[in-house]
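Asker: fold the following and give me the result.
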Amino acid sequence: MQLAYNLLLFTITFAGGSIPLWTRGIDDRRMHLLLAFSGSFLLSITLLHLLPETFEDLGSKAGIYLLAGFFIQLLIQRFTHGLEHGHVHLDQNNHHISLTPILLGLGLHAFMEGLPLGFNYRLGATEPSLYMAVAAHKLPEAMLVTMLTMAAKGKRKAMIVLIGFSLITPLAGTIAVALGQNYSAMARLVAALVPIVAGAFIHISTTIFFESGTKHHMLTRQKVIAMLAGVGIGLATLVLE
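Answerer: Down below sits the predicted model:
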């Protein structure tokens, strides 16, 4: 089943990221709504599934790892310039930044968010729900990766980068499964990494709420609807138990 999930995750990421290669993509307003939806969905799955699982496994230690993950993502954002949550924060006096640090930061972020996909959860709904949330997050992220790379390096280079980017998260989940099944120490490490990644998810999703939307970061009616849709689908995953 996990192989099917990974193939689907790769397909969704690649398909979403390829949209700017063949069309003009989607406008800023629609991108903001897609980000608001994916952010609320990701936050819902984190709070409803990941946190209950990880606190049950690790107890109070999970809070420390959660806090660490939040600030690790803040550090990663130093290199990605916020692209993983829909914004590229550039110095107003330096618009010509290097693409390499951004892609390396996004690669690390993509690898991190794939690690919880390889954990053996207690509840049956957690794994498919997490895959859905990660896929929803990867969809706009892959579009932005493609647009940024295409603007800097051209369409051919953007296609190569997109393929590599689409593979990272499923590969991380596969590696976590393989190591966890063969090495007990690695299984414990993956268990500790789950709340770290959950902390990163909380940072990303809440940043999306505050930054995506209008010029003054106000809540528009469309943005509220998109967020409620994400929360609603997140709540609906509870019936899978």
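
Asker: so where's this protein shaky on pLDDT?
Answerer: Applying pLDDT under 70 to the chain picks out residues 25, 85-97, 211-218, 241.

Asker: same thing but 50
Answerer: For the chain, the stretches with pLDDT under 50 are 89-94, 214, 216.

Asker: can you map out the helices along it?
Answerer: Along the chain, the segments classed as helices by DSSP state H run 2-22, 28-45, 51-58, 61-80, 99-114, 126-153, 155-182, 184-211, 221-236.

Asker: among those helices, which is nearest Asn120?
Answerer: helix 155-182 (7.0 Å; CB to CB). Placement of C-beta: from N, CA and C, glycine included.

Asker: returning to what we had before: okay, the helices of the chain in CSV with mean neighbour count next?
Answerer: Rendered in CSV, the data for the helices of the chain read as follows (neighbours: other CB atoms under 10 Å):
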stretch, mean neighbour count
helix 2-22, 17
helix 28-45, 22
helix 51-58, 18
helix 61-80, 18
helix 99-114, 19
helix 126-153, 22
helix 155-182, 18
helix 184-211, 20
helix 221-236, 16
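
Asker: got CSV for those, with distance to Asn120 too?
Answerer: What follows is the helices of the chain, written out as CSV (distance: least, CB to CB, whole Å):
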stretch, distance to Asn120
helix 2-22, 10
helix 28-45, 17
helix 51-58, 10
helix 61-80, 16
helix 99-114, 15
helix 126-153, 9
helix 155-182, 7
helix 184-211, 8
helix 221-236, 22
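
Asker: what residue is smack in the middle of this protein?
Answerer: Within the chain, the residue whose C-alpha comes closest to the C-alpha centroid is His137; the distance, by CA atoms, centre = their mean, is 4.6 Å.
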